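[1] fold the following, please.
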Amino acid sequence: MAIKRAATASKRVDQTDRPAAADGSSRKILRALLAFSTDRPRHSAESLSEQIGVPLSSTYRYIGILREADLIDEDGRGSFVLAPRVIGLAQAARAGTDLASIARPFMKRVSQEVGETIILLRRSADRAVCIERAESSSRIRLTFEVGTALPLHRGAGPKMLLAHMPEAECETILDDAVRRDPGFAPHRRLLVRELAVIREQGWSESRAEITPHVYAVSVPVRDSGGVIAAISFVTPAFRTPKASQIRLREHLQHAAAAISKAYAAVSF
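    Below is the predicted model:
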């Protein structure tokens, strides 16, 4: 009942709000949708409210809109899950992502050469989303699902994307990160300095920032407008002494250059 009332209320608000307010609501609706992930496939209204930082009454309104669009369903236990329609959207997105199809053979080749998992990330709103992967053939390896969404302030690939965002957008992302994760606040200035280093040196790395005992290194994929993606290795830390880190980075840099060149050849 509450959801239906909220959906009705949303129609009234849409008709009267100023364009700027409507734009803000649209962004929050998208953030509510992007809150669902393989790590967090279910959300209550309360957890969504906390995730997107709006009152519970507004969250119910956004839930109503997403349900009307058949993008989320109620699971019968008081929580919400992505609806089957999203599967089709994900498949369509992947089919239409020329970059992923162009990068795939280069990624597989490099993964086979060094025996590590390699992933390709693009920014989607305030997340870095895996759009392609090539898994390691090693007996001990890391798996990474296509569609996995990561925060932009943690991990080698996400930080690469964050480092090349416009300054105002970057500050907004960091403001949101502090709000969602107060423990990050003391590390914000250090990350800002790290982002400047990433831009200057052309690569980024992380150690156990997302998953314990995992080392990652990332380099940018570019087009004529700048950085459009990040290509990364994710590997168990015990397999990456300093010499291995340098070797992985060099392989990535060659792959990223080849992908950028191939992508430029088909982009017009």
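[2] quick check, residue 86 in contact with residue 73.
    No - under the criterion of C-beta atoms under 8 Å, residue 86 is not in contact with residue 73, lying 9.8 Å apart. For the C-beta atoms, the positions are set from N, CA and C on the backbone; glycine is no exception.
[3] just the strands from the stretch 151-268 of the chain, written as ranges.
    All strands of the stretch 151-268 of the chain, identified by DSSP state E, counting those that start in this stretch, fall at 204-207, 214-223, 226-236.
[4] could I get those as TSV with mean neighbour count, mean pLDDT and distance to residue 59?
    Below are these laid out as TSV (neighbours: other C-beta atoms under 10 Å; pLDDT from 0 to 100; distance: least, C-beta to C-beta, whole Å):
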stretch	mean neighbour count	mean pLDDT	distance to residue 59
strand 204-207	20	95	32
strand 214-223	23	94	33
strand 226-236	23	93	31
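[5] just send the ones you listed back as TSV, with distance to residue 136 too.
    Formatted as TSV, those follow (distance: least, C-beta to C-beta, whole Å):
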stretch	distance to residue 136
strand 204-207	18
strand 214-223	12
strand 226-236	8
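[6] among these, which is nearest residue 115?
    For these, proximity to residue 115 was assessed by C-beta to C-beta; strand 226-236 is nearest, at 8.9 Å.
[7] now do that closest one: which elements does it pack against?
    Under the contact criterion of 3 or more C-beta pairs under 8 Å, 6 or more residues apart in numbering; DSSP states H and E, strand 226-236 touches helix 98-114, strand 117-124, helix 156-163, strand 214-223, helix 242-266.
[8] mind running it again at 10 Å?
    helix 98-114, strand 117-124, strand 127-134, helix 156-163, strand 204-207, strand 214-223, helix 242-266 (3 or more C-beta pairs under 10 Å, 6 or more residues apart in numbering; DSSP states H and E).
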